[in-house]
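>>> fold the following and give me the result.
(one chain, ligands or ions: 1)
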Amino acid sequence: MNIIIAGGDGFCGWPTALYLSKQGHDVSIIDNMARRKWDEELKSNSITPIADLKERVEKWKELTGKEIRTYEGDLNHYDFLKEVLRQERPDAFVHFAEQRSAPYSMIDREHAIFTQVNNVVGTLNVLYGIKEMVPDCHLIKLGTMGEYGTPNIPIEEGYLEVEHKGRKDVLPYPKQPGSFYHLSKVHDSHNIMFTCKIWGIRATDLNQGVVYGLDTEETQMDPILANRLDYDGVFGTALNRFIIQSTVGHDLTVYGKGGQTRGFLNIKDTVRCIEIAAENPADKGEFRVFNQFTEEFSVLDLANKVQKVAQEEGFNTDVAHLDNPRVELEDHFFHAENTKLRDLGLEPHLLTDEVIREILRTVMNHKDRVIEENVLPSVTWK
Ligand code: NAD
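Numbering: from 1, shown residues only. So this is what the prediction gives:
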C-alpha cells in the first residue's frame, strides 16, 4: 500500500513509518518540524538525541535499501497538502500531525487558539484533500482516550446504545474532554464523522491511550534512527516521565492523589495498531472508532511500579504528591472497552518490570541531557 504518515518525525509517527516501510509498504512522511520548534520555545529537548529527518531516512535507506520520501510542510497549507496527495495518491493517510500536549494548550489564550487551529484546520484540510484528490483513501486518525473523560459508566468504542423514553438508538459516546487539546480531538472526531456521512469518506478514529516506551526493533537498528523521548512537565507523559525522573534523582511527580486512571500502551503496539487499521480499512462512509490501549493503570500504580524497579537498579526514589495543576477527578471509576483491535490480531506487549527496566537503562545512557528545571509542571488549568 502507499501510506502517508503525517507527523512522521514525531514520537509515534517515526517508529510507525519505519515499521510500515519494513513490512513492505511504500511510505512517505509529511511533517512541518513543529515539534522541534516547540522544544526551542520551551527551552526543552528530547532526552535521546534525535537526528534530523533527512539524516534519519538516509540511514534507513542505507541499512534496508528502502526509501521513505519526505515532504516538509504544514497540513494547514492546503496547496502543499493537495500537491503531496497528487504525487503520492495514497491508499491510507495516517494522521499523527497535531499539537498533542494538554499543558501546552492550556498555557494561555494564544496556545489554546494555536492548538485548536493547528489541529482542527489541519484535519479539515486532510478531509477536503481526500475528498478532492483521493476519495477512496482510508483516513487513519489519531484521537485520544482523553476525548471520553472519566464517566461513571464503562467507556465503549465510539458508540453507546441508548434507550430513552421508550426508544433506542446507537449514538456517539458522550465526550467530556479535560483540556483545549483534548477538545481539539473531539472537534476533529465530529468533523470526520460528518464527512464520512456526507461525502462517503472512509475513516478510522484511533482513540489512543498514553503511549510509553521509545524503541521498536527498527529504531534500535542505529543511533541515527533513535526515537524522541519527552520528560518535561509540558510534553512528558506519565510513566516515561517517571522513569526519567527516577534516573536523575528526582521525586516521581504524582499530581494530587494519583487515583487518575487511564489506558496505556507500549509504542511497539502503537505501530502494530496502525498496521492493523491500514490492512483492514473502514468501509466507504464508515466512521469507525477503536480504543487503542492495552492496559489500565492509575498514575499512583505507575509511580509505585517505577519506584520498585528503580530501587532494584540502585536509585533511591520517592513518590511526591504535588498539588494537581489540572482540574480533574483524582479518584474515580474507569473502565474502557478495547476488544476491536485485539479481535483484528493485536497481541499486546504488557507492562512488566522488565519493560520498565529496559526503558530505564536506555534513559540512563542520556541522563546528562535532562534539563532539571523543566521537569516540574509549570502550567496550571486555572
Ligand atoms: P509528537 O508531537 O511527537 O508528533 C507529532 C508530529 O506532528 C510532530 O513531528 C510535529 O512536528 C508534527 N506536526 C504537528 N502539527 C503539524 C502540522 N500542522 N503539519 C505538519 N506536521 C505537524 O506527538 P506524538 O506523541 O507522536 O503523538 C502523535 C499523535 O498521537 C497526536 O495526534 C497525539 O494527539 C496522538 N496521541 C499521542 C499519545 C501519546 O502518548 N504520545 C497518546 C494519545 C494520542
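
>>> which residue sits closest to residue 57 in space, ignoring its chain neighbours?
With Cβ to Cβ, 6 or more residues apart in numbering as the measure, residue 68 is the residue that lies nearest to residue 57, at 4.6 Å, once sequence neighbours are left out. Just so you know, the C-beta spots here come from the backbone N, C-alpha and C atoms, and that holds for glycine as well.

>>> I meant residue 208, not that one.
Nearest in space to residue 208, with sequence neighbours left out and distances taken as Cβ to Cβ, 6+ apart, is residue 292 at 4.3 Å.

>>> for the one you found, what are its contacts?
Contacts for residue 292 (Cβ atoms under 8 Å, 6 or more residues apart in numbering) come out as 145, 206-209, 265, 269-270, 273, 338, 341.

>>> tell me how far it lies from the ligand.
Computed with Cβ to the nearest ligand atom, to the nearest Å, the distance linking residue 292 and the ligand is 8 Å.

>>> quick one, strands of the stretch 1-150 of the chain?
Along the stretch 1-150 of the chain, counting by DSSP state E, counting those that start in this stretch, strands occupy 2-6, 26-31, 69-72, 92-95, 138-144.

>>> show me what the first one is packed against.
Read it as strand 2-6. Packing partners of strand 2-6 (3 or more Cβ pairs under 8 Å, 6 or more residues apart in numbering; DSSP states H and E): helix 13-22, strand 26-31, helix 78-88, strand 92-95.

>>> what residues does that strand touch?
Strand 2-6 is contacted from outside by 13, 16-17, 20, 25-31, 75, 84-85, 88-97, 126, 278, using Cβ under 8 Å, 6+ apart.

>>> number of nearby residues for the residue in the chain that the ligand sits nearest to?
With Cβ to the nearest ligand atom, the shortest gap between the chain and the ligand falls at residue 10, namely 2.0 Å. For residue 10, the number of neighbouring residues by other Cβ atoms under 10 Å comes to 24.

>>> quick revisit: turn the contacts of residue 292 into a markdown table, columns for pLDDT, distance to residue 259 and neighbour count.
Compiled in a markdown table, the contacts of residue 292 are given as follows (pLDDT from 0 to 100; distance: Cβ to Cβ, whole Å; neighbours: other Cβ atoms under 10 Å):
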| residue | pLDDT | distance to residue 259 | neighbour count |
| --- | --- | --- | --- |
| 145 | 98 | 17 | 25 |
| 206 | 98 | 26 | 25 |
| 207 | 98 | 21 | 26 |
| 208 | 98 | 22 | 26 |
| 209 | 98 | 17 | 24 |
| 265 | 98 | 20 | 27 |
| 269 | 98 | 25 | 25 |
| 270 | 98 | 26 | 26 |
| 273 | 98 | 27 | 25 |
| 338 | 98 | 20 | 22 |
| 341 | 98 | 27 | 23 |
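
>>> mind listing which of the residues you listed are in helices?
Using DSSP state H, the members of the contacts of residue 292 that fall within helices are 269-270, 273, 341.

>>> out of these, who's nearest residue 43?
Each of the ones in helices among the contacts of residue 292 was checked against residue 43 using Cβ to Cβ; the closest is residue 270, at 27.9 Å.

>>> quick one: contacts for that closest one?
12, 15-16, 208, 211, 292.

>>> what helix or strand is residue 243 on?
Residue 243 belongs to helix 240-247 when elements are defined using DSSP states H and E.

>>> just residue 192 next, same as before
Under the criterion of DSSP H and E, residue 192 resides in helix 180-199.

>>> buried stuff in that helix?
By neighbour count, and taking 16 or more other Cβ atoms under 10 Å as the criterion, the buried residues in helix 180-199 are 180-189, 191-193, 195-196.

>>> so what's the residue count around residue 16?
When neighbours are counted by other Cβ under 10 Å, residue 16 registers 31.

>>> state the distance from it to residue 68.
When Cβ to Cβ, to the nearest Å is applied, the distance between residue 16 and residue 68 equals 11 Å.

>>> need the residues touching each of these two.
Overlap between the neighbourhoods of residue 16 and residue 68 consists of residue 8, taking contacts as Cβ under 8 Å, 6+ apart.

>>> sorry, back to before: closest one to residue 168 out of the contacts of residue 270, please.
For the contacts of residue 270, the closest approach to residue 168 (Cβ to Cβ) belongs to residue 292, at 27.9 Å.

>>> re earlier: how about the strands of the stretch 1-150 of the chain in JSON lines, adding mean neighbour count?
Shown next, in JSON lines, are the strands of the stretch 1-150 of the chain (neighbours: other Cβ atoms under 10 Å):
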{"stretch": "strand 2-6", "mean neighbour count": "26"}
{"stretch": "strand 26-31", "mean neighbour count": "25"}
{"stretch": "strand 69-72", "mean neighbour count": "16"}
{"stretch": "strand 92-95", "mean neighbour count": "28"}
{"stretch": "strand 138-144", "mean neighbour count": "27"}
